[in-house]
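Trainee: Attaching a predicted model along with its sequence, questions to come.
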Amino acid sequence: MKTLDELIFSVSAMAEETTPASGKLDLLLYAPCPVKLAVKEGIDAIVRQSKDDGPPLSVHIPMGCTSVDPVDPLYRETDPDRLPDMIASIGFGDFFRQEFADHFVKAGFFEAILPDYVEPMHEQAGIIDPAGHYVIYGLTPYIFLVDMKRLGDVPPPTQWSDLLDPRYRGHINMCGDGDDMADAVLINYYKEYGWEGIERFAENVYGLMHSSHMGKSGGVSNAGGIYIIPYFFAESSKHPDHMRVIWPEDGAAASPLYFLVKKSEAERLKPLVSFLNSGFGQIESARWFLPLSGPLPEGLDKNARIKWVGWDFIAERDITTVRDELNDRFRKLVQVK
């Protein structure tokens with residue numbers, strides 16, 4: 001079994017691939033870096049099987065672990081026939097953008113095909129799209145990893161509002177590197193506290209750090225005592241005894257792993273839909289991304305909750321523009337300190 005570093009190196013090395021040829025794609029899929037190879041293996045098996053029934057499915061899965069997106073302008077497309085029949089992506093990016101939503105999502109080109117079983121944790125958080133367009137098949141949950149030695153007499157945080165308290169000034173290491181940022185964290189702060197909340201949070205941040213470096217950096221001198229880290233990296237790395245993983249009482253801030261499938265093609269693409277709806281959870285490391293139909297990690301507390309920004313909040317604004325502005329202003333606030 002590959003170590004985390006070996007896994008990320010393997011995926012990064014595959015970034016030197018060609019962008020998709022012009023023409024119709026059955027699936028365009030962006031997957032989280034830590035599970036990208038395993039997801040690709042599952043999708044490749046479906047493509048091989050499809051050859052027995054006719055022309056093989058056409059699939060593109062951009063590799064690499066950077067935010068470089070070879071199909072970046074796709075959201076500007078206006079002709080539905082020039083879109084892939086199925087699009088799967090991560091975070092509050094371009095396929096949530098107002099321009100794309102107005103042209104295609106609200107116009108009803110996509111239909112949410114849900115699995116037969118949905119984890120109660122997801123239902124309680126309101127993850128299911130009430131408009132029936134997006135399927136959130138997994139999540140990137142952000143939680144706390146705390147260096148108890150560095151915190152000293154300061155009590156560890158138990159919920160997100162704690163991190164706005166001045167007693168945590170200089171203690172917080174925020175997940176973020178390059179264009180990468182824990183978007184769900186900033187969006188939830190903005191939703192609940194506005195720009196004042198973002199400024200108070202930024203005041204307490206020591207600095208930004210890439211997710212993959214956080215899990216193995218516990219105890220170093222040039223970091224704060226609290227890491228905001230994806231659940232995967234918190235649980236897949238070994239920590240010194242004085243490091244403690246904390247799931248916030250008010251829920252892990254969650255960024256979506258989602259797909260859109262054209263209503264007209266849903267039946268034909270059923271194997272791909274089924275893989276994301278149920279096959280994804282069969283990948284052992286994918287369980288840290290809380291698959292919609294489970295199974296969830298065995299060690300997850302039964303009372304653990306998800307902090308989802310909510311579909312009403314998404315529908316009432318261009319969430320991608322909000323995300324971009326939050327990332328930009330937050331980064332500047334942290335850098336000028």
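Mentor: Great, that's in hand. Quick caveat: nothing in here was measured; it's all calculated off a predicted structure. Numbering: from 1, shown residues only.

Trainee: where along the chain do the strands fall?
Mentor: 27-29, 59-60, 86-90, 135-147, 172-177, 180-181, 205-209, 226-230, 243-246, 252-261, 306-307 (DSSP state E).

Trainee: Residue 254 versus residue 126, what's the distance?
Mentor: In this view, residue 126 and residue 254 are 11 Å apart by Cβ to Cβ, to the nearest Å. (Glycine included, C-beta is placed from N, CA and C.)

Trainee: now do residue 291
Mentor: 13 Å.

Trainee: And residue 238, by the same measure?
Mentor: Applying Cβ to Cβ, the value for residue 238 to residue 254 is 25 Å.

Trainee: Give the residue spans of the stretch 151-300 of the chain that score low on pLDDT.
Mentor: Within the stretch 151-300 of the chain, the segments meeting pLDDT under 70 span 178-179, 215-221.

Trainee: Quick one: the helices in this structure, in order.
Mentor: 4-13, 36-50, 98-100, 120-125, 148-151, 183-204, 211-214, 231-235, 270-274, 311-315, 319-335 (DSSP state H).

Trainee: neighbour count winner among residue 126 and residue 254?
Mentor: residue 254 (26 against 14; other Cβ atoms under 10 Å).

Trainee: for the more buried one, what are its contacts?
Mentor: Applying Cβ atoms under 8 Å, 6 or more residues apart in numbering to residue 254 gives the contacts 125, 127, 139, 140, 141, 142, 184, 290, 306, 307, 308.

Trainee: Pull up the per-residue confidence for the fifth one.
Mentor: On the pLDDT scale, residue 141 is placed at 98.

Trainee: The last one too?
Mentor: Residue 308 is assigned 98 on the pLDDT scale.

Trainee: Excluding its own residues, what touches stretch 88-101? List them.
Mentor: Contacts of stretch 88-101 (Cβ under 8 Å, 6+ apart): 27-32, 72, 74-76, 87, 137, 140, 183-184, 187, 255-260, 276, 314, 318-321, 323.

Trainee: Report the buried members of those.
Mentor: 27-32, 74-75, 87, 137, 140, 183-184, 187, 255-260, 276, 314, 318-320, 323 (16 or more other Cβ atoms under 10 Å).
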